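# I'd like to go over a predicted model; first the sequence, then the structure.
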Protein chains: 2
Amino acid sequence: MKIAPTPARLAGIAALLLASTASATIPPPPSAVDLAQRGEDPAWAITEGLTTEIGPRMAGTEAEAAARRWAVTRLQAMGFANVREEQYDMPVWVRGAEEAWLTGPFQPQKLAIAALGNSGSTGAKGLTGQIAFFDSFDALAAAPDQSVKGKIVFIDNHMERAQDGSGYGYYGRGRFAGPNVAAKKGAIAIVIRSIGTDAHRNPHTGVTNFEAGVAPIPAGAISNPDADQLVRQWKRTLQIRTNESAMGYDPEPLTMKLVLTPQSLGTKHSGNVIAEVPGSDLAASPVIVACHLDSWDLGTGAIDDAAGCGIVTAAAKHVMSAGQPRRTIRILWAGAEEVGVFGGKAYFDAHGKEKHAVALESDFGADRVWRVDFKLPDSAKPLADRIATALAPFGITRGKNPAGGGADVGALIAAGVPAIDLQQDGTRYFDIHHTPDDTLDKIDPAQLRQNVVAWTATLAILANSSDSELP
Amino acid sequence: MKIAPTPARLAGIAALLLASTASATIPPPPSAVDLAQRGEDPAWAITEGLTTEIGPRMAGTEAEAAARRWAVTRLQAMGFANVREEQYDMPVWVRGAEEAWLTGPFQPQKLAIAALGNSGSTGAKGLTGQIAFFDSFDALAAAPDQSVKGKIVFIDNHMERAQDGSGYGYYGRGRFAGPNVAAKKGAIAIVIRSIGTDAHRNPHTGVTNFEAGVAPIPAGAISNPDADQLVRQWKRTLQIRTNESAMGYDPEPLTMKLVLTPQSLGTKHSGNVIAEVPGSDLAASPVIVACHLDSWDLGTGAIDDAAGCGIVTAAAKHVMSAGQPRRTIRILWAGAEEVGVFGGKAYFDAHGKEKHAVALESDFGADRVWRVDFKLPDSAKPLADRIATALAPFGITRGKNPAGGGADVGALIAAGVPAIDLQQDGTRYFDIHHTPDDTLDKIDPAQLRQNVVAWTATLAILANSSDSELP
């Protein structure tokens, strides 16, 4: 394998030469990776600061605007160039009251519920209905309208834990598409088992979408322990129906009362925050690194995605501190990702026609990077080899999947911009994802720093890559 | 060490004799411990049934009354004798709305809060005040009134994890006594860091008490992640005050808005449920085994204390199934433990003058028994030796501390009734204790069964003990 001499590598060689002759009086400047490993930790400072001083940052709200002001101040103070907000408009949805009760045939019991983004409202008085129980999204999709009409649909698909988070797409359909399907079949509301892998009374929210022309119905997620409870009661009602005297209860169906009063506030301002490390070659296309600044409203958005902003920004800072790179590094703290990637789309609308060398995003928590995936032009094979070699000492292996990029750079990648994924360990990500539990204490500082080291090593190579390697 | 021949031991010897001669056609009857190890699991059935069909069982409410009806039906169906409710009256407190916000000097942020039992109300509009911050209960107790008057007290003592749960008494003072002290010093409200060892957004409720003549102030607990957030903001306000320009904020104090609207409903009915395994010797005093039927309202009271009722009842059932014991076993499912041990006191008022051989309670979750402690008369030394020997194969060692008994048999033990504690592993108990997370999924069926085996072995020995060993 041919390995090209990068500045970091040359600095390493120089250090070895100096050490071996033992005659040098001026130590070599630290490499960016040295800084990331041993220096200050801007990733922690950003994650801690944003979650503490701003907290939840729901898209299109005053809290998100405050987060943008915070971001501009912080990024300027860190010495980045061209720090700016780029505004756009978007439809805003906010949470209201939320309560759910299992109302019969057993003693009434309150459930822990959260409305899904874009949920309709029950009105303040709420609604009560029979449960139409489905094991999975597929079972709901296959059900005749008659089995759903006038009822509250429940989907009970328990997400399984996976290091690469690969169950999210499959199990997530209950949230992404379940409400729309239920609404079209005539359900009065839908409640799903949270798309999550934990066993705490914290529901997992997240966005859902209704087709044009389909009126949004109330849609919520209950926590896994609450879903377990609903399932136990449901099974008892089945038993009751086949053997009326078995449990000493009348053969009544399982019912639920639901109060969800979210509101759609119409079109409001949101925005992206952008900062740059200017490259020495003004003709070279920039490397773009992204995260998202907005968060769900239940937690303080620590793993999703303050940590991502901390990681990409810290890496860019370390590369900048080690010496001016050839290419510009553009940092995108995107707005309004959670509710529909409005920031990513707005970035593409404004900048999609500009050339980008490569795009990366950090938006999967703060646990360690364990694999690197590439989607690069053939010309970049030596570049990918250099990155894989640089990452191996940090416990990161090379994957065989093409990189997918992140949501906020998704439009760029769909348009042909190369991508690299530094895959994070997602084993516990969906314990916390979109819940009230997404708070700073869930961040492991040692794993956060490993992310920064991996990103710094990658970014140092990318920002100094040649025009023959990347567009 | 002299070991007396118990029925279980004799059955074991008989089984060995039969096996060695290989000529027997009639196998010996199973011992109670055999039944507990290999038979059905009434402990799980009770825990699952009570938490599923009734759920939360707040003292003095209709839910607790429904639980008593459920208990009577279940205990009768299991074949126990003298199954009955014994009613008493008690003051009833119920939760209302509860919200808390950190309101400045940073972006407003909502906290996860639960009112403490006997908390006063803020009224529906709530109240807002400056935080008076204390590291510990002792710091609050030592503070001059002036530092507290007109403010919202916060106590930040983080409970440490221990297998025997021994931190509860020390750290718990913030909850037990903090509100009364704060009220006497003129605080308008008090918020404490939850008395718990987890890092989830689930506050730990629990009872507090105000002295006669002290008007209850609003009193709540916030979750550990919320307390961490409050501490981080508090530290920033200190920094701001010493260096006004450091953070770009005005030097304002930390403030909180609080809405807690619990209600005291006056005197209501509650009750104990009692069932018996009648002994063969009507002159012998009974063995009493207790648990509590009520629970806090936030969870379904699985570890606290449906499992305890499951354990003691399953053990009594196995002893009964193996053959009539000499002494009566009296099972007490006490009411209204959480809010002031009203059931235990009522039992003592009604039965305290009767002789009791020994009292035991299970009220520390469902994780394994790891130690046995005794508080017995000198005459019972051989009895304690037999129990310790019987428990050793199940991984249970003999402790050196005197047994304390449980809350519901506390008055009996204070009056001189002997006690034995089967100490459960409490390492994770205070992760869940008094939170919404006290749900069935937290019960490990294997550890629950180990409890039943240990209780069955102990109860078989106790219920067949002689009058020379126990009173």
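Looks like it arrived, so ask away.
# Pull up the gap between A:Val191 and A:Asn118, please.
Using CB to CB, to the nearest Å, one obtains 15 Å as the distance from A:Val191 to A:Asn118. In short, each C-beta sits where N, CA and C put it, glycine included.
# Who has more neighbours out of the two?
A:Val191 (29 against 19; other CB atoms under 10 Å in any protein chain shown).
# For chain A, what lies in contact range of chain B?
A:48, A:51-56, A:63, A:66, A:73, A:106-107, A:109-110, A:112, A:199-202, A:224-225, A:228-229, A:232-233, A:236, A:248, A:299-300, A:435-437, A:439-442 (CB under 8 Å from any CB of the partner chain).
# Please give me every residue in contact with the spatially most central residue of chain A.
Nearest to the geometric centre of chain A sits A:Asp363, at 4.4 Å (CA atoms, centre = their mean). Residues in contact with A:Asp363 (CB atoms under 8 Å, 6 or more residues apart in numbering or on different chains) are A:290-292, A:304-305, A:308, A:337, A:406-408.
# Could you rerun that using 7 Å?
Residues near A:Asp363 by CB atoms under 7 Å, 6 or more residues apart in numbering or on different chains: A:291-292, A:305, A:308, A:406-407.
# same deal with A:Ala390?
Per CB under 7 Å, 6+ apart, neighbours of A:Ala390: A:457, A:461.
# Now do the host helix or strand of it: distance to the chain's middle.
Counting by DSSP states H and E, the element that carries A:Ala390 is helix A:381-391. Here the centre of helix A:381-391 is set off from its chain's centre by 26 Å, with CA atoms, centre = their mean, to the nearest Å.
# For that helix, give the mean pLDDT please.
Average pLDDT, helix A:381-391: 97.
# hey, C-alpha coordinates of it in CSV?
Listed next in CSV are the C-alpha coordinates belonging to helix A:381-391 (Å, rounded to 0.1, in the frame of the first residue of the first chain):
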residue,chain,number,x,y,z
LYS,A,381,-8.5,5.4,-3.4
PRO,A,382,-5.1,6.4,-2.0
LEU,A,383,-6.8,9.1,0.0
ALA,A,384,-9.2,6.5,1.6
ASP,A,385,-6.2,4.2,2.3
ARG,A,386,-4.4,7.1,4.1
ILE,A,387,-7.5,7.8,6.2
ALA,A,388,-8.0,4.1,7.0
THR,A,389,-4.4,3.8,8.0
ALA,A,390,-4.5,6.9,10.2
LEU,A,391,-7.7,5.7,12.0
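# what angle separates the following helix or strand past it from helix A:381-391?
The first helix or strand that comes after helix A:381-391 along the chain, using DSSP H and E, is strand A:397-402. Here strand A:397-402 runs at 140 degrees with respect to helix A:381-391, directions being taken by axes from the mean of the first three to the mean of the last three CA atoms, to 10 degrees.
# List the neighbouring strands of strand A:397-402 plus their orientation.
Counting by DSSP bridges, the strands paired with strand A:397-402 are strand A:369-375 (parallel).
# And for the partner strand, what's in contact with it?
If you take CB under 7 Å, 6+ apart as the criterion, strand A:369-375 is touched by A:384, A:387-388, A:391, A:395-399, A:401-403, A:418-425, A:450-451, A:454.
# Among the residues you listed, the buried ones, what's the PyMOL command?
The following PyMOL line selects those of these that are buried, judged by 16 or more other CB atoms under 10 Å in any protein chain shown:
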select buried, chain A and resi 384+387+388+391+396+399+403+418+419+420+421+422+423+424+425+450+451+454
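# domains for chain A, by residue range?
A:7-16+A:31-92+A:266-463, A:96-261 (automatic domain parsing).
# which of these is buried the deepest?
domain A:7-16+A:31-92+A:266-463 (a mean of 22; mean count of other CB atoms under 10 Å in any protein chain shown).
# roughly how far is it from the heart of the chain?
For domain A:7-16+A:31-92+A:266-463, the distance to the chain centre is 12 Å (CA atoms, centre = their mean).
# cool, stretch A:452-467 as well?
Stretch A:452-467 has its C-alpha centroid displaced from the chain centroid by 23 Å (CA atoms, centre = their mean).
# ok but A:Glu211 is inside a strand, no?
No: checked against DSSP: H, G, I helix; E, B strand; the rest coil, A:Glu211 lies outside a strand; its state is coil.
# Can you tell me the closest non-neighbouring residue to it?
Closest residue in space to A:Glu211, ignoring its immediate chain neighbours: A:Asn180 at 5.7 Å, by CB to CB, 6 or more residues apart in numbering or on different chains.
# mind listing what the one you found touches?
A:209-211, A:214.
# Next one: A:Pro27 relative to B:Ala221, how far apart?
Distance of A:Pro27 to B:Ala221, given as CB to CB: 53 Å.
# try A:Ala114
Per CB to CB, A:Ala114 is found 22 Å from B:Ala221.
# got it, and A:Pro286?
From A:Pro286 across to B:Ala221, the span is 50 Å (CB to CB).
# Check A:Gln324 too.
From A:Gln324 across to B:Ala221, the span is 53 Å (CB to CB).
# Likewise for A:Leu422?
A:Leu422 is 40 Å from B:Ala221, by CB to CB.
# now swap in A:Asp363 and tell me
For A:Asp363, the distance to B:Ala221 equals 33 Å [CB to CB].
# same thing with A:Asp467?
Distance from A:Asp467 to B:Ala221, by CB to CB: 60 Å.
# residue ranges with poor pLDDT in chain A?
By pLDDT under 70, the low-scoring segments of chain A are A:1-24, A:240-251.
# Columns distance to B:Ala350 on top of the contacts of A:Asp363, output as a markdown table?
Shown next, in a markdown table, are the contacts of A:Asp363 (distance: CB to CB, whole Å):
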| residue | distance to B:Ala350 |
| --- | --- |
| A:Cys291 | 65 |
| A:His292 | 63 |
| A:Asp305 | 60 |
| A:Gly308 | 63 |
| A:Gly406 | 67 |
| A:Ala407 | 66 |
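# Let's see which of those residues end up in helices.
Using DSSP state H, the subset of the contacts of A:Asp363 located in helices is A:Gly308.
# Now, the contacts of A:Asp363 that are in strands?
A:291-292 (DSSP state E).
# Can you tell me which of the contacts of A:Asp363 lies closest to B:His269?
A:Asp305 (52.8 Å; CB to CB).
# does that closest one really touch A:Trp296, like I thought?
No: A:Asp305 is beyond contact range of A:Trp296, at 10.2 Å (criterion: CB atoms under 7 Å).
# which residues does A:Leu111 bridge with?
A:Ala100.
# Verify the stated contact: it with A:Leu102.
Yes: if you go by CB under 7 Å, A:Leu111 and A:Leu102 touch, sitting 6.4 Å apart.
# C-alpha coordinates for the strand or helix carrying A:Ile274, CSV please?
Using DSSP H and E, A:Ile274 sits within strand A:263-277. Extracted as CSV, the C-alpha positions of strand A:263-277 are listed here (Å, rounded to 0.1, in the frame of the first residue of the first chain):
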residue,chain,number,x,y,z
GLN,A,263,-50.3,23.1,17.7
SER,A,264,-49.1,24.0,14.3
LEU,A,265,-48.0,27.6,14.5
GLY,A,266,-47.6,28.2,10.7
THR,A,267,-44.4,29.5,9.0
LYS,A,268,-41.6,30.9,11.2
HIS,A,269,-37.9,31.7,10.8
SER,A,270,-35.2,29.2,11.4
GLY,A,271,-31.6,29.2,10.3
ASN,A,272,-28.3,27.5,9.8
VAL,A,273,-25.0,28.7,11.4
ILE,A,274,-21.9,28.4,9.2
ALA,A,275,-18.2,29.0,10.1
GLU,A,276,-15.1,28.4,8.2
VAL,A,277,-11.4,27.6,8.4
